[in-house]
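Enquirer: based on what follows, work out the 3D shape:
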Amino acid sequence: MKKQYLVLTMIFLASTFLFQNCSPSGVQFEQTRELASVTEPEVISSEVVVDNEAEAEEAAPEIKTKTFTAASKEKVVDMVWVIDNSASMKGQADIIRKNFEKFAHLVENQVDLRVALISKKDSFNLKTHVSLPETMKNGQQVDFLVHSYNALLVAAVASCPETAADAFCKKVLANSKYDKVYSSLNGFFRPQSQKVFVFVTDDDSSAAKNTTVQYEAANLSGYTGTIKTLVVDEDYITAATFQGRMVRAFGKNGSYKVFGFVAGADSKCKARVSTVYNSLISSGGGVGFNVCDEDWTASFSQLSEKVVDYASTEYSLQSENVKKVLSVKLNGKALIPGVDYTVADGKVALNPTLVKSLGNYIIDVTYTE
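Expert: Numbers count the residues shown, from 1 in each chain. Purely as a prediction, here's the structure:
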């Protein structure tokens with residue numbers, strides 16, 4: 001009996017000892033398996049994502065949009081130049097005289113162009129006169145001495161009707177010093193034509209207390225003091241006033257653009273920065289050039305291109321690496337390929353009927369490279 005009890009006791013102690021030694025091994029295994037399940041997917045996922053992104057960047061074509069502001073080839077261009085005849089404009093007037101005829105003929109050969117020039121025609125003591133070339137087929141000159149402060153007003157006054165109908169024209173009509181220019185272009189503009197205004201001045205259209213200053217080369221500071229105090233307020237007008245007059249003259253949908261050879265902050269020959277002119281140019285989608293540049297060749301070339309583009313329905317993408325035209329929009333509305341436009345030889349051509357009755361419009365061409 002005692003032997004049997006002793007054997008059972010020894011078996012019990014042995015089994016207890018073995019069971020306790022097995023328990024830590026089980027816990028360690030479970031921890032290892034849990035760590036593996038967390039770390040392994042992160043490594044695999046990271047490798048796949050990086051590879052896919054690299055492949056996607058390599059394969060995806062680059063999408064670009066080119067924007068054009070233009071009008072129909074069927075429409076004609078009526079272009080008005082207003083050139084400042086003040087003393088500081090002697091160098092610029094000489095450049096205009098040398099280059100104007102070549103510029104006008106270049107544009108004339110590509111579009112149906114009519115040109116009007118508002119400037120002093122005959123030579124006088126300041127030598128800042130500019131006359132319209134006799135070879136111009138469809139040219140008209142308004143022989144008027146344009147001051148440094150009123151070029152913008154002069155252009156607006158020229159568009160007034162003979163019988164003043166709005167407050168602006170009535171006020172200026174009462175001022176006899178504008179008699180020669182008032183309504184001078186009333187019969188110049190053709191129906192549905194694209195109107196283009198080009199201002200040439202080293203001054204601005206507005207100043208505090210109605211005063212103006214002039215550039216003087218002999219003066220080390222570049223400026224004289226106040227040399228003229230203006231008597232009447234209408235000698236100065238704002239960009240908004242000019243735009244309002246254009247609406248009265250051509251209608252709300254009338255198409256016109258403003259370009260200019262004007263003064264910027266870094267212009268060396270300026271009387272004042274042409275703030276009002278630059279504002280008008282940018283709001284109308286035109287281009288401003290530096291009036292103080294000694295060589296206007298590149299500026300004339302760019303201006304002629306812009307004027308021709310303004311009267312075009314065909315848009316070249318040849319300078320771009322175009323693979324496929326994805327879409328074309330007219331004033332934000334998507335056009336139908338093959339119906340509203342065609343693509344050939346790197347050019348997008350609109351159906352002329354789409355823009356026949358519109359004024360200014362914007363074409364957006366989206367394409368892949």
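Enquirer: got the domain boundaries for this protein?
Expert: Listed by automatic domain parsing, the domain ranges of the chain are 63-69+313-368, 76-310.
Enquirer: what bridges to Ile63?
Expert: Thr368 (DSSP bridges).
Enquirer: quick one, which of the domains of the chain is packed in tightest?
Expert: domain 76-310 (a mean of 18; mean count of other CB atoms under 10 Å). Yep, even glycine has a C-beta here, placed from its N, CA and C like the rest.
Enquirer: ok so, going back, export the domains of the chain to JSON lines and append columns for mean pLDDT.
Expert: Output for those, formatted as JSON lines (pLDDT from 0 to 100):
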{"stretch": "domain 63-69+313-368", "mean pLDDT": "82"}
{"stretch": "domain 76-310", "mean pLDDT": "82"}
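Enquirer: centroid residue for this protein?
Expert: Computing the C-alpha centroid of the chain and ranking residues by CA atoms, centre = their mean puts Gly285 first, at 4.8 Å.
Enquirer: ok so that residue is a strand residue?
Expert: No: membership of Gly285 in a strand is not supported by DSSP: H, G, I helix; E, B strand; the rest coil, which gives coil.
Enquirer: what about it, distance to Tyr361?
Expert: Using CB to CB, to the nearest Å, one obtains 11 Å as the distance from Gly285 to Tyr361.
Enquirer: any common contacting residues for these two?
Expert: Overlap between the contact sets of Gly285 and Tyr361, as judged by CB atoms under 8 Å, 6 or more residues apart in numbering, is given by Thr69.
Enquirer: distance between the helix or strand where Val348 lies and the chain's centre?
Expert: Using DSSP states H and E, Val348 sits in strand 347-350. Centre-to-centre, strand 347-350 and its host chain are 21 Å apart (CA atoms, centre = their mean, to the nearest Å).
Enquirer: cool, stretch 170-183 as well?
Expert: Using CA atoms, centre = their mean, the mean C-alpha position of stretch 170-183 is found 33 Å from that of the whole chain.
Enquirer: now do stretch 145-156
Expert: Averaging C-alpha positions (CA atoms, centre = their mean) puts stretch 145-156 25 Å from its chain's average.
Enquirer: and what of stretch 267-278?
Expert: Counting by CA atoms, centre = their mean, stretch 267-278 is centred 19 Å from the centre of its parent chain.
Enquirer: that stretch: end-to-end distance?
Expert: Stretch 267-278 has its terminal residues 13 Å apart, counting by CA to CA, to the nearest Å.
Enquirer: got it, and stretch 129-148?
Expert: Here the two ends of stretch 129-148 are set 13 Å apart, with distance taken as CA to CA.
Enquirer: cool, and stretch 310-325?
Expert: Across its full length, stretch 310-325 reaches 22 Å end to end, with CA to CA as the criterion.
Enquirer: separation between Leu330 and Asn321?
Expert: Remark: distance between Leu330 and Asn321 (CB to CB) = 24 Å.
Enquirer: now do the strands in the stretch 101-250 of the chain.
Expert: All strands of the stretch 101-250 of the chain, identified by DSSP state E, counting those that start in this stretch, fall at 113-119, 139-143, 194-200, 211-215, 223-229.
Enquirer: got the angle for the second one vs strand 113-119?
Expert: Angle, strand 139-143 to strand 113-119, by axes from the mean of the first three to the mean of the last three CA atoms, to 10 degrees: 10 degrees.
Enquirer: return the list of strands paired to strand 139-143, each annotated with direction.
Expert: Each strand that strand 139-143 pairs with, and the sense of that pairing, follows from DSSP bridges: strand 113-119 (parallel).
Enquirer: need the contact partners of the host helix or strand of Arg97.
Expert: The secondary structure element spanning Arg97 is helix 90-108 (assigned by DSSP H and E). Applying CB under 8 Å, 6+ apart, the set of residues contacting helix 90-108 from outside is 77, 79, 81, 83-85, 113, 115, 126-131, 133, 135-139, 200, 202, 261, 269, 291, 294, 296-297, 300, 303-304, 307-308.
Enquirer: okay, and Phe289 sits in which element?
Expert: Counting by DSSP H and E, the element that carries Phe289 is strand 288-290.
Enquirer: now do the next helix or strand after that strand and strand 113-119, the angle between them.
Expert: With elements assigned by DSSP H and E, the helix or strand that comes after strand 288-290 is helix 297-310. Orientation check (the same axes, to 10 degrees): helix 297-310 against strand 113-119 gives 130 degrees.
Enquirer: can you tell me what sits against helix 297-310?
Expert: 68-71, 77, 79, 99, 102-103, 106-107, 110-111, 113, 194, 196, 198, 257, 259, 261, 286-287, 289-290, 293.
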